[in-house]
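Sequence first, predicted coordinates after that:
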Amino acid sequence: MSDNNQTPSIQHFMPKDARIFVAGHNGMVGSALVRKLHEEGYTNLLRRSSAEMDLRDQAAVGEFFAKECPEYVFLAAARVGGIIANSTRKGEFIYDNLMIQANVIHNAYISGVKRLLFLGSTCIYPKLSPQPIKEEYLLTGPLEPTNDAYAVAKIAGIAMCRSYNEQYGTRFLSAMPNNLYGPNDNFDLTGSHVLPALIRKFHEAKENGTETVTVWGTGSPLREFMHVDDLAAASLFLMNLSEDTCSALLGYHPSPALINVGSGQEISIADLAGMVKAIVGYEGELVFDTSKPDGTPRKLADSSRLHALGWQHRIDLEEGVRDAYRWFVKSAAGSSAPGNNP
């Protein structure tokens, strides 16, 4: 895969033998974190599948932390989905995410975890937020109605990290990535995000000889996309910040304990659909169903604070989409791949 930028070096604040808990390790984000940690020489990873430990179960999570005593926590477990899932399963989304976050963050404090990175989403910001979106725009306007339940849960997680830092002196940081894609994504058309849904739609249309592929909305919304391997690299970079830099970041005003993680690779849904169509090799017609909602008109994160610390994304969007398509064809064609769920 081509690199647009030199991969930033990671200063290893975390000892290589540190006990590291990756919550949600089977999902797209969690599995990318595991790959990156192994690549950097971290081998003492603590992992539990949802069958082994339900993160919504307070007692089970408490028992795990008391027994395993993790030193560092990457909180990547979440109930996630696209417009359909977010708008039709709001109760499930807000309950699951609130419970997962509360149990993991609180027990990280109780057990003396040295640092925790809570991964959320830029959907926490107002629907009509000024662009690019700065961290201080949080809670300055109404949320996008189609994903407000998920957003409220993530905002609660940010507030919980901040509150524990202020009251208990913890080192809990919240990182908000934009639209992610890559290996181990969720390709279920009823629950996936736009890019994996497009990959599956065009692939199946090509395989079946379907004359048209329909995309929800007008195609005009602008979205920023980032390969999940870039998020994993950024997450490890943030977890390994020096103590002084970490302290400054956690105390940053007016948005302490919150940082955007973006690529700056912005594209309209129409152009994205055209890119995926070409990569898949589908030769039929692309149709936009304008009766369906567009969602937020534009969502570009201002990642200047992260860039100032020395990190930049490295994976070009087109090559990243090719990588995601290769993974889909090899591992999940015609079926739904696992998503980043608890």
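Sure thing, it's come through. Numbers count the residues shown, from 1 in each chain.

doesn't residue 116 fall inside a strand?
Yes - counting by DSSP: H, G, I helix; E, B strand; the rest coil, residue 116 is located in a strand.

Report the beta-bridge partners for it.
residue 73, residue 172 (DSSP bridges).

Report pLDDT for it.
Note on residue 116: pLDDT of 98.

In this structure it contacts residue 170, no?
Yes - applying Cβ atoms under 8 Å, one finds residue 116 in contact with residue 170, separated by 7.3 Å. All C-beta atoms are positioned from the backbone trio N, CA, C, and that covers glycine.

which of the two has more neighbours?
Under the criterion of other Cβ atoms under 10 Å, the comparison of residue 116 against residue 170 puts residue 116 first, with 25 against 22.

distance of the more buried one from residue 72?
7 Å (Cβ to Cβ, to the nearest Å).

re the thing from before, give me the common contacts of residue 116 and residue 170.
Common contacts of residue 116 and residue 170 (Cβ atoms under 8 Å, 6 or more residues apart in numbering): 108, 161.

Enumerate the helices of the stretch 51-200 of the chain by residue range, in sequence order.
58-68, 83-88, 90-110, 148-168, 194-208 (DSSP state H, counting those that start in this stretch).

in its sheet, what does the next helix-or-strand element following the last one sit against?
Per DSSP states H and E, the first helix or strand lying C-terminal to helix 194-208 is strand 212-216. Strand 212-216 has these partner strands in its sheet, going by DSSP bridges: strand 285-289 (parallel).

burial measure for the spatially closest residue to residue 107 that is not a sequence neighbour, as a count.
Using Cβ to Cβ, 6 or more residues apart in numbering and skipping residues adjacent in sequence, the residue nearest residue 107 is residue 65, 4.0 Å away. Residue 65 has 23 neighbours, counted by other Cβ under 10 Å.

In contact with residue 65: list those residues for me.
107-108, 110-111, 113.

now, among the residues you listed, which is nearest to residue 298?
Closest approach between the contacts of residue 65 and residue 298, by Cβ to Cβ: residue 108, at 34.6 Å.

need the contact list for that closest one.
Residue 108 touches 65, 70, 73, 116, 170, 172, counting by Cβ under 8 Å, 6+ apart.

and those as a markdown table, adding distance to residue 248?
What follows is the contacts of residue 108, written out as a markdown table (distance: Cβ to Cβ, whole Å):
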| residue | distance to residue 248 |
| --- | --- |
| 65 | 28 |
| 70 | 25 |
| 73 | 21 |
| 116 | 18 |
| 170 | 16 |
| 172 | 15 |
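
thinking again about what came up before, just give me the closest of the contacts of residue 65 to residue 142.
residue 108 (31.5 Å).

and that closest one, how far is that from residue 183?
Residue 108 is 27 Å from residue 183, by Cβ to Cβ.

contacts for stretch 26-39?
In contact with stretch 26-39 (Cβ under 8 Å, 6+ apart) are residues 20, 22-25, 45, 47, 49-50, 74, 76-78, 119, 180, 182-186, 228-229, 231-233, 235-236, 338-341.

and residue 249, what does it touch?
Each residue near residue 249 by Cβ under 8 Å, 6+ apart is listed here: 173, 241, 257, 259, 305, 309.

can you check residue 111 too?
65-66, 69-70.

Drop anything exposed from the residues you listed.
65, 70 (16 or more other Cβ atoms under 10 Å).

Among the contacts of residue 111, which pair sits farthest apart?
Top of the distance list for the contacts of residue 111 (Cβ to Cβ): 66 and 70, 10.7 Å.

Residues touching stretch 318-330, excluding its own?
1-2, 181-185, 187, 195-196, 199-200, 203, 225, 227, 275-276, 279-280, 315, 337.

of those residues, buried ones?
Buried among the contacts of stretch 318-330 (16+ other Cβ under 10 Å): 181-185, 187, 195-196, 199-200, 203, 225, 227, 275-276, 279-280, 315, 337.
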